[in-house]
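1. next one to model:
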Amino acid sequence: MLLLPYLLIFASIATIVFLLGQRLRKSSIATDPDDVRKPDSFGPLTEPLAGVFPVSEKKRKILKNELLGAGQFNSNALTNYLSRRNVCVLTVILATALIFFSQEFDPSYNNYVLIGGVVATIFAYGLPRLILSSIASRRRQGIENAFPDALDMIAMSVEGGLPLQEAMRRVSDEFRPAHRALSKELLIISRQTDTGSVEQAMASFAERIDMPEIGGWAALMSQSQRLGGKMAGSLLECADRMRQNRKMRAERSGNTASIKLLLPTVLCLTPPVFILLIGPAALDFRDFINRERDESIELVEQANTNPMLDGRLGSPSSAPSSYGSP
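-> Numbering: from 1, shown residues only. As a prediction, this is how the structure comes out:
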């Protein structure tokens, strides 16, 4: 009966985390650039729920960048995220309060309930951010892996006579089945270029992805559009440089893998080796101590039952006075 509250807390937290992860994953996959605003998560209560816990302007900017990196481009993405996170936290707090003031719960476990509630609240507050960061990181990694191939196709299209905006739109259509995230980003760049300047579109793309290679390519494209020059050659050179950087990172990771594995290997092998070397000696020493103790106990018991053996134990005064008398 005492385990029921803990099971309820675990079940509620697991359900909230699962639903939140599914919601964030679907939002990052199904978001379309044409969607200016998606439906609110909790209807008219979304705005009040999002403002339950105050968030600074700097934190809001960071969250917006992570939401953009995760592929959530709708205008109310931040409000929906904050409302979902706050609902998770309020649910955990409410569940903890109900268990704490429950009549069927043993009052002696109130301290454990409070500690568990605080830990669960921290998890409910921080876990959505970890899920969002994981989605954004995985999406950026996918864009980075597919970007050199996209640059090659854009360079071929530009050499064929297509403008840069039309080449990006064509490559976006070609990449949609295999690399949906990169296809969406190229389509956004193309549409922003149609309505504004190339420099602004490239700067927005570099800010959303926040990767050195993407930032370098965006700066290169802005400079090429401003100063002129052969864009196809610049695109091919940028793609080759990205591939070389990826190869160098892979080689560096491979070279440092042995060093990174050294500490886990030592930590895993030291206990078994210590047990194999010291274990037999420790067991023999334990048997020796137990054997000596048993012999001492046996001698004491024999002395108690037979007073004639007191001399063996170093107490000759306890022998009878007539022993050895003429």
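
2. correct me, but G69 touches F205?
-> No. With contact defined as CB atoms under 8 Å, G69 and F205 do not form a contacting pair (11.3 Å). Every C-beta, even on glycine, is put in place using the N, C-alpha and C of the backbone.

3. neighbour count winner among these two?
-> G69 (23 against 20; other CB atoms under 10 Å).

4. contacts only, for that one.
-> Residues near G69 by CB atoms under 8 Å, 6 or more residues apart in numbering: 136-137, 139-140, 208-210.

5. can you select the buried ones among those residues for me in ChimeraX?
-> To isolate the buried subset of the contacts of G69 in ChimeraX, counting by 16 or more other CB atoms under 10 Å, use the following:
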select :136,139,140,208,209
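
6. please report the distance of the nearest residue to I209 once chain neighbours are set aside from P177.
-> Closest residue in space to I209, ignoring its immediate chain neighbours: R140 at 5.8 Å, by CB to CB, 6 or more residues apart in numbering. To P177, R140 is 20 Å away according to CB to CB, to the nearest Å.

7. next one: V89
-> In terms of CB to CB, V89 sits 39 Å off from P177.

8. comparing these two, which residue is more hemmed in?
-> The neighbour comparison of V89 against P177 (other CB under 10 Å) goes to V89, with 20 against 8.

9. so which elements touch the host helix or strand of C88?
-> C88 belongs to helix 77-100 when assigned by DSSP states H and E. On a contact count with 3 or more CB pairs under 8 Å, 6 or more residues apart in numbering; DSSP states H and E, helix 77-100 meets helix 3-30, helix 46-50, helix 57-69, helix 110-159.

10. got the buried residues for the second one?
-> Going by neighbour count (16+ other CB under 10 Å), the buried part of helix 46-50 is 46, 49-50.

11. closest to I99 among those residues?
-> Closest approach to I99 among the buried residues of helix 46-50 (CB to CB): L49, at 22.9 Å.

12. buried ones in stretch 111-124?
-> Neighbour-count burial for stretch 111-124 [16+ other CB under 10 Å]: 113, 116-117, 120-121, 123-124.

13. got the CA positions of it in CSV?
-> Taking Å, rounded to 0.1, in the frame of the first residue of the first chain, the C-alpha atoms of stretch 111-124 are listed here in CSV:
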residue,chain,number,x,y,z
ASN,A,111,10.0,13.7,4.1
TYR,A,112,10.5,11.1,1.3
VAL,A,113,7.4,12.4,-0.5
LEU,A,114,8.7,16.0,-0.4
ILE,A,115,12.2,14.9,-1.6
GLY,A,116,10.7,12.8,-4.4
GLY,A,117,8.4,15.7,-5.4
VAL,A,118,11.3,18.1,-5.6
VAL,A,119,13.3,15.7,-7.7
ALA,A,120,10.3,15.0,-10.0
THR,A,121,9.6,18.7,-10.4
ILE,A,122,13.2,19.4,-11.4
PHE,A,123,13.0,16.6,-14.0
ALA,A,124,9.7,17.8,-15.3
